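Undergrad: here you go, sequence then predicted model.
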Number of protein chains: 2
Amino acid sequence: KDSAYEQESDNIIPCDNFAMVYKEIYRSAFPTKRNFQFLQTLGLRTILYLCPEPYPTAGLKFYTQHSIRVLQYGVSGNKEPFVDISDNVIRGALHVLLDRSYYPILIHCNKGKHRTGCLVGCFRKVQKWSLTSIFDEYRRYSYPKDRFMN
Amino acid sequence: KDSAYEQESDNIIPCDNFAMVYKEIYRSAFPTKRNFQFLQTLGLRTILYLCPEPYPTAGLKFYTQHSIRVLQYGVSGNKEPFVDISDNVIRGALHVLLDRSYYPILIHCNKGKHRTGCLVGCFRKVQKWSLTSIFDEYRRYSYPKDRFMN
(Lines give C-alpha, C1' and ligand atoms only; values in the text may rest on other atoms or scores of the structure.)
Protein backbone atom coordinates (compact mmCIF):
# COMPACT_ATOMS: atom_id res chain seq x y z
CA LYS A 1 0.00 0.00 0.00
CA ASP A 2 2.85 2.35 0.82
CA SER A 3 4.50 1.87 -2.53
CA ALA A 4 1.14 2.30 -4.25
CA TYR A 5 0.80 5.65 -2.52
CA GLU A 6 4.23 6.69 -3.74
CA GLN A 7 3.44 5.64 -7.28
CA GLU A 8 0.00 7.11 -7.72
CA SER A 9 1.24 10.69 -7.71
CA ASP A 10 3.74 12.17 -10.14
CA ASN A 11 6.33 12.57 -7.42
CA ILE A 12 9.76 13.89 -8.11
CA ILE A 13 12.58 11.81 -6.67
CA PRO A 14 15.62 13.88 -5.74
CA CYS A 15 18.96 12.07 -5.66
CA ASP A 16 19.86 10.51 -2.31
CA ASN A 17 21.68 12.86 0.04
CA PHE A 18 20.74 15.79 -2.19
CA ALA A 19 21.23 19.35 -1.01
CA MET A 20 22.04 22.83 -2.21
CA VAL A 21 25.53 23.89 -1.23
CA TYR A 22 25.33 27.42 -2.60
CA LYS A 23 23.63 29.31 -5.39
CA GLU A 24 23.70 26.92 -8.37
CA ILE A 25 25.95 24.41 -6.56
CA TYR A 26 24.37 21.09 -5.58
CA ARG A 27 25.62 17.87 -3.98
CA SER A 28 24.25 14.34 -3.93
CA ALA A 29 24.83 10.60 -4.04
CA PHE A 30 25.15 8.93 -7.47
CA PRO A 31 22.10 9.89 -9.56
CA THR A 32 20.09 6.99 -10.94
CA LYS A 33 17.51 6.83 -13.71
CA ARG A 34 14.68 7.56 -11.32
CA ASN A 35 16.36 10.89 -10.49
CA PHE A 36 16.56 12.07 -14.12
CA GLN A 37 13.26 13.95 -13.94
CA PHE A 38 14.51 15.73 -10.84
CA LEU A 39 17.87 16.55 -12.43
CA GLN A 40 16.06 18.29 -15.26
CA THR A 41 14.50 20.72 -12.78
CA LEU A 42 18.01 21.87 -11.77
CA GLY A 43 18.93 23.04 -15.27
CA LEU A 44 22.49 21.73 -14.80
CA ARG A 45 25.40 22.72 -16.98
CA THR A 46 28.04 20.52 -15.31
CA ILE A 47 28.43 17.27 -13.37
CA LEU A 48 31.52 17.18 -11.16
CA TYR A 49 32.14 13.46 -10.68
CA LEU A 50 34.56 12.41 -7.95
CA CYS A 51 34.96 8.64 -8.51
CA PRO A 52 37.72 7.05 -10.59
CA GLU A 53 35.33 4.54 -12.22
CA PRO A 54 33.95 5.21 -15.71
CA TYR A 55 30.55 6.91 -15.78
CA PRO A 56 27.55 4.62 -16.47
CA THR A 57 26.25 4.80 -20.03
CA ALA A 58 22.66 5.65 -19.10
CA GLY A 59 23.83 8.73 -17.24
CA LEU A 60 26.14 9.87 -20.02
CA LYS A 61 23.33 9.52 -22.54
CA PHE A 62 20.98 11.62 -20.42
CA TYR A 63 23.63 14.30 -19.91
CA THR A 64 24.41 14.46 -23.63
CA GLN A 65 20.72 14.88 -24.40
CA HIS A 66 20.55 17.81 -21.99
CA SER A 67 23.90 19.40 -22.91
CA ILE A 68 25.36 18.66 -19.49
CA ARG A 69 29.12 18.29 -19.37
CA VAL A 70 30.71 15.66 -17.11
CA LEU A 71 34.03 16.55 -15.50
CA GLN A 72 35.71 13.69 -13.68
CA TYR A 73 38.15 14.12 -10.81
CA GLY A 74 38.58 10.56 -9.63
CA VAL A 75 39.32 10.13 -5.95
CA SER A 76 39.62 6.57 -4.64
CA GLY A 77 37.03 5.83 -1.97
CA ASN A 78 38.36 6.23 1.55
CA LYS A 79 36.41 6.38 4.73
CA GLU A 80 38.94 8.85 6.09
CA PRO A 81 39.07 11.90 3.91
CA PHE A 82 41.62 14.64 4.49
CA VAL A 83 44.16 11.82 4.80
CA ASP A 84 44.59 9.86 1.60
CA ILE A 85 42.72 12.04 -0.85
CA SER A 86 45.10 13.40 -3.44
CA ASP A 87 45.75 17.11 -3.01
CA ASN A 88 46.06 17.65 -6.73
CA VAL A 89 42.81 15.99 -7.62
CA ILE A 90 40.84 17.89 -4.98
CA ARG A 91 42.58 21.11 -6.01
CA GLY A 92 41.52 20.51 -9.60
CA ALA A 93 37.95 19.81 -8.56
CA LEU A 94 37.88 22.91 -6.34
CA HIS A 95 39.13 24.99 -9.23
CA VAL A 96 36.15 23.87 -11.29
CA LEU A 97 33.79 24.44 -8.37
CA LEU A 98 34.91 28.05 -8.00
CA ASP A 99 34.43 28.85 -11.68
CA ARG A 100 30.93 30.23 -12.27
CA SER A 101 31.07 29.39 -15.96
CA TYR A 102 30.37 25.78 -14.96
CA TYR A 103 27.21 26.60 -12.95
CA PRO A 104 24.69 25.20 -12.27
CA ILE A 105 26.87 22.31 -11.14
CA LEU A 106 26.19 19.03 -9.30
CA ILE A 107 28.99 17.42 -7.28
CA HIS A 108 28.59 13.71 -6.67
CA CYS A 109 30.52 10.56 -5.78
CA ASN A 110 28.86 7.26 -4.83
CA LYS A 111 27.04 8.07 -1.60
CA GLY A 112 27.59 11.80 -1.52
CA LYS A 113 29.29 11.48 1.84
CA HIS A 114 33.06 11.40 2.08
CA ARG A 115 34.48 12.53 -1.25
CA THR A 116 31.72 15.01 -1.94
CA GLY A 117 31.84 16.13 1.70
CA CYS A 118 35.59 16.69 1.49
CA LEU A 119 35.24 18.92 -1.57
CA VAL A 120 32.34 20.86 -0.03
CA GLY A 121 34.50 21.32 3.09
CA CYS A 122 37.23 22.89 0.93
CA PHE A 123 34.63 25.17 -0.61
CA ARG A 124 33.42 26.23 2.86
CA LYS A 125 37.03 26.97 3.81
CA VAL A 126 37.21 29.33 0.84
CA GLN A 127 33.99 30.89 2.11
CA LYS A 128 35.80 31.32 5.47
CA TRP A 129 33.35 29.17 7.41
CA SER A 130 34.60 28.20 10.87
CA LEU A 131 36.01 24.68 11.16
CA THR A 132 33.27 23.69 13.60
CA SER A 133 30.60 24.62 11.08
CA ILE A 134 32.46 22.82 8.30
CA PHE A 135 32.66 19.60 10.29
CA ASP A 136 29.03 19.86 11.43
CA GLU A 137 27.97 20.03 7.80
CA TYR A 138 30.31 17.21 6.81
CA ARG A 139 28.84 14.95 9.49
CA ARG A 140 25.26 15.76 8.52
CA TYR A 141 25.74 14.02 5.18
CA SER A 142 28.29 11.37 6.11
CA TYR A 143 26.43 9.53 8.85
CA PRO A 144 24.49 6.67 7.31
CA LYS A 145 20.75 6.78 7.72
CA ASP A 146 20.64 3.20 9.06
CA ARG A 147 22.84 4.23 11.97
CA PHE A 148 20.26 6.81 12.93
CA MET A 149 17.42 4.34 12.80
CA ASN A 150 18.96 1.18 14.30
CA LYS B 1 44.88 25.84 21.59
CA ASP B 2 41.85 24.78 19.56
CA SER B 3 39.89 27.87 20.44
CA ALA B 4 42.95 30.03 19.71
CA TYR B 5 43.06 28.52 16.25
CA GLU B 6 39.42 29.34 15.69
CA GLN B 7 39.88 32.90 16.87
CA GLU B 8 43.06 33.81 15.04
CA SER B 9 41.38 33.87 11.64
CA ASP B 10 38.46 36.04 10.62
CA ASN B 11 36.17 33.05 10.34
CA ILE B 12 32.53 33.37 9.50
CA ILE B 13 30.20 31.45 11.82
CA PRO B 14 27.04 30.24 10.10
CA CYS B 15 24.01 29.62 12.30
CA ASP B 16 23.76 26.10 13.71
CA ASN B 17 21.94 23.66 11.46
CA PHE B 18 22.17 26.16 8.61
CA ALA B 19 21.40 25.10 5.06
CA MET B 20 19.98 26.34 1.80
CA VAL B 21 16.54 24.96 1.10
CA TYR B 22 16.09 26.51 -2.31
CA LYS B 23 17.16 29.61 -4.21
CA GLU B 24 17.04 32.41 -1.63
CA ILE B 25 15.38 30.20 1.01
CA TYR B 26 17.50 29.28 4.03
CA ARG B 27 16.90 27.37 7.26
CA SER B 28 18.72 27.32 10.60
CA ALA B 29 18.61 27.18 14.39
CA PHE B 30 18.10 30.44 16.30
CA PRO B 31 20.72 32.97 15.11
CA THR B 32 22.92 34.45 17.84
CA LYS B 33 25.13 37.53 17.85
CA ARG B 34 28.12 35.56 16.61
CA ASN B 35 26.13 34.69 13.48
CA PHE B 36 25.31 38.31 12.56
CA GLN B 37 28.32 38.66 10.26
CA PHE B 38 27.26 35.52 8.46
CA LEU B 39 23.64 36.69 8.17
CA GLN B 40 24.84 39.82 6.41
CA THR B 41 26.35 37.69 3.65
CA LEU B 42 22.88 36.28 2.89
CA GLY B 43 21.37 39.68 2.09
CA LEU B 44 18.12 38.67 3.78
CA ARG B 45 14.84 40.50 3.30
CA THR B 46 12.74 38.40 5.71
CA ILE B 47 13.04 36.25 8.84
CA LEU B 48 10.28 33.65 9.17
CA TYR B 49 10.22 32.91 12.89
CA LEU B 50 8.33 29.83 14.06
CA CYS B 51 8.35 30.14 17.88
CA PRO B 52 5.58 31.76 19.94
CA GLU B 53 8.07 33.56 22.24
CA PRO B 54 8.90 37.25 21.63
CA TYR B 55 12.01 37.84 19.55
CA PRO B 56 15.18 38.81 21.49
CA THR B 57 16.00 42.52 21.38
CA ALA B 58 19.54 42.13 20.03
CA GLY B 59 18.22 40.27 17.01
CA LEU B 60 15.44 42.78 16.35
CA LYS B 61 17.94 45.64 16.51
CA PHE B 62 20.24 43.95 14.00
CA TYR B 63 17.33 43.22 11.64
CA THR B 64 16.07 46.81 11.82
CA GLN B 65 19.56 48.08 11.00
CA HIS B 66 19.63 45.85 7.91
CA SER B 67 16.02 46.40 6.82
CA ILE B 68 15.11 42.80 7.50
CA ARG B 69 11.46 42.17 8.33
CA VAL B 70 10.53 39.57 10.98
CA LEU B 71 7.35 37.58 10.39
CA GLN B 72 6.30 35.42 13.31
CA TYR B 73 4.20 32.28 12.99
CA GLY B 74 4.41 30.87 16.48
CA VAL B 75 4.21 27.10 16.76
CA SER B 76 4.56 25.57 20.20
CA GLY B 77 7.53 23.23 20.42
CA ASN B 78 6.64 19.58 19.98
CA LYS B 79 8.94 16.70 19.37
CA GLU B 80 6.30 15.11 17.17
CA PRO B 81 5.49 17.42 14.30
CA PHE B 82 2.68 16.66 11.87
CA VAL B 83 0.56 15.87 14.94
CA ASP B 84 0.03 18.89 17.15
CA ILE B 85 1.27 21.67 14.91
CA SER B 86 -1.59 23.98 14.07
CA ASP B 87 -2.67 23.67 10.45
CA ASN B 88 -3.53 27.33 10.20
CA VAL B 89 -0.21 28.57 11.51
CA ILE B 90 1.81 26.33 9.21
CA ARG B 91 -0.44 27.26 6.30
CA GLY B 92 0.19 30.94 7.01
CA ALA B 93 3.94 30.35 7.19
CA LEU B 94 3.87 28.32 3.97
CA HIS B 95 2.00 31.12 2.24
CA VAL B 96 4.82 33.50 3.13
CA LEU B 97 7.44 30.95 2.09
CA LEU B 98 5.91 30.61 -1.39
CA ASP B 99 5.82 34.36 -2.00
CA ARG B 100 9.00 35.48 -3.74
CA SER B 101 8.50 39.07 -2.66
CA TYR B 102 9.80 37.99 0.77
CA TYR B 103 13.04 36.47 -0.57
CA PRO B 104 15.81 36.07 0.45
CA ILE B 105 14.19 34.51 3.50
CA LEU B 106 15.51 32.61 6.54
CA ILE B 107 13.23 30.16 8.36
CA HIS B 108 14.19 29.43 11.94
CA CYS B 109 12.82 28.13 15.24
CA ASN B 110 15.01 27.25 18.23
CA LYS B 111 17.10 24.33 17.00
CA GLY B 112 16.07 24.38 13.35
CA LYS B 113 14.88 20.81 13.66
CA HIS B 114 11.19 20.06 14.19
CA ARG B 115 9.23 23.23 13.47
CA THR B 116 11.53 24.39 10.71
CA GLY B 117 11.72 20.83 9.39
CA CYS B 118 7.94 20.57 9.31
CA LEU B 119 7.59 23.75 7.26
CA VAL B 120 10.38 22.70 4.90
CA GLY B 121 8.59 19.35 4.50
CA CYS B 122 5.42 21.21 3.42
CA PHE B 123 7.50 23.21 0.94
CA ARG B 124 8.99 19.98 -0.49
CA LYS B 125 5.46 18.59 -0.84
CA VAL B 126 4.58 21.63 -2.95
CA GLN B 127 7.72 20.88 -4.99
CA LYS B 128 6.30 17.34 -5.42
CA TRP B 129 9.24 15.65 -3.73
CA SER B 130 8.58 11.99 -2.85
CA LEU B 131 7.68 11.33 0.79
CA THR B 132 10.83 9.23 1.27
CA SER B 133 13.01 12.13 0.19
CA ILE B 134 11.07 14.56 2.39
CA PHE B 135 11.55 12.39 5.47
CA ASP B 136 15.23 11.77 4.67
CA GLU B 137 15.79 15.50 4.63
CA TYR B 138 13.74 16.02 7.79
CA ARG B 139 15.83 13.45 9.65
CA ARG B 140 19.11 14.92 8.46
CA TYR B 141 18.45 18.09 10.48
CA SER B 142 16.42 16.67 13.35
CA TYR B 143 18.87 14.14 14.73
CA PRO B 144 20.97 15.80 17.41
CA LYS B 145 24.68 15.97 16.80
CA ASP B 146 25.47 14.46 20.20
CA ARG B 147 23.57 11.33 19.27
CA PHE B 148 25.86 10.88 16.27
CA MET B 149 28.99 11.20 18.30
CA ASN B 150 28.15 9.30 21.49
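TA: Looks like it came in fine.

Undergrad: can you give me the distance of A:Leu50 to chain B?
TA: 20 Å (CB to the nearest CB, to the nearest Å). In short, each C-beta sits where N, CA and C put it, glycine included.

Undergrad: in chain A, which spans are strands?
TA: A:19-22, A:25-28, A:46-49, A:69-72, A:105-108 (DSSP state E).

Undergrad: packing partners for the second one?
TA: Packed against strand A:25-28, as judged by 3 or more CB pairs under 8 Å, 6 or more residues apart in numbering or on different chains; DSSP states H and E, are the following elements: strand A:19-22, strand A:105-108, helix A:114-126.

Undergrad: close to chain B, is the second one?
TA: It stands for strand A:105-108. No. Interface with chain B: strand A:105-108 contributes nothing (CB under 8 Å from any CB of the partner chain), its closest point being 14.1 Å away.

Undergrad: identify each buried residue in that strand, please.
TA: Neighbour-count burial for strand A:105-108 flags A:105-108 (criterion: 16 or more other CB atoms under 10 Å in any protein chain shown).

Undergrad: quick one: those as TSV, columns for distance to B:Lys128 and pLDDT too.
TA: Formatted as TSV, those follow (distance: CB to CB, whole Å; pLDDT from 0 to 100):
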residue	distance to B:Lys128	pLDDT
A:Ile105	23	98
A:Leu106	19	98
A:Ile107	24	98
A:His108	22	98
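
Undergrad: of those, which is the nearest to B:Thr41?
TA: When these are ranked by distance to B:Thr41 (CB to CB), A:Ile105 comes first, at 20.3 Å.

Undergrad: how about the closest one: what's its closest non-neighbour residue?
TA: Ranked by CB to CB, 6 or more residues apart in numbering or on different chains and with sequence neighbours excluded, the top spatial neighbour of A:Ile105 is A:Thr46, at 4.3 Å.

Undergrad: the one you found contacts A:Tyr102, correct?
TA: Yes. Judged on CB atoms under 8 Å, A:Thr46 makes contact with A:Tyr102 at a distance of 4.2 Å.

Undergrad: any idea which of the helices and strands packed on strand A:25-28 is most buried?
TA: Neighbour counts (mean count of other CB atoms under 10 Å in any protein chain shown) averaged over each of the helices and strands packed on strand A:25-28 peak at strand A:105-108, with a mean of 24.

Undergrad: rewinding a little: to B:Val21, which of the strands of chain A lies closest?
TA: B:Val21 lies closest to strand A:19-22 among the strands of chain A, at 7.3 Å (CB to CB).

Undergrad: is chain B contacted by the closest one?
TA: Yes. Strand A:19-22 lies within reach of chain B by CB under 8 Å from any CB, at A:19-22.

Undergrad: reformat these as CSV; add pLDDT and distance to A:His114.
TA: CSV is the format used below for those (pLDDT from 0 to 100; distance: CB to CB, whole Å):
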residue, pLDDT, distance to A:His114
A:Ala19, 98, 15
A:Met20, 98, 19
A:Val21, 98, 15
A:Tyr22, 97, 20
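
Undergrad: ok, these vs chain B, which is closest?
TA: A:Met20 (3.9 Å; CB to the nearest CB).

Undergrad: chain B contacts on chain A?
TA: Residues of chain A lying near chain B (CB under 8 Å from any CB): A:5-6, A:9-14, A:16-23, A:127-133, A:136-137, A:139-141, A:143, A:145, A:147-148.

Undergrad: quick revisit: among the helices and strands packed on strand A:25-28, which comes closest to B:Leu97?
TA: Per CB to CB, nearest to B:Leu97 of the helices and strands packed on strand A:25-28: strand A:19-22, 15.4 Å.
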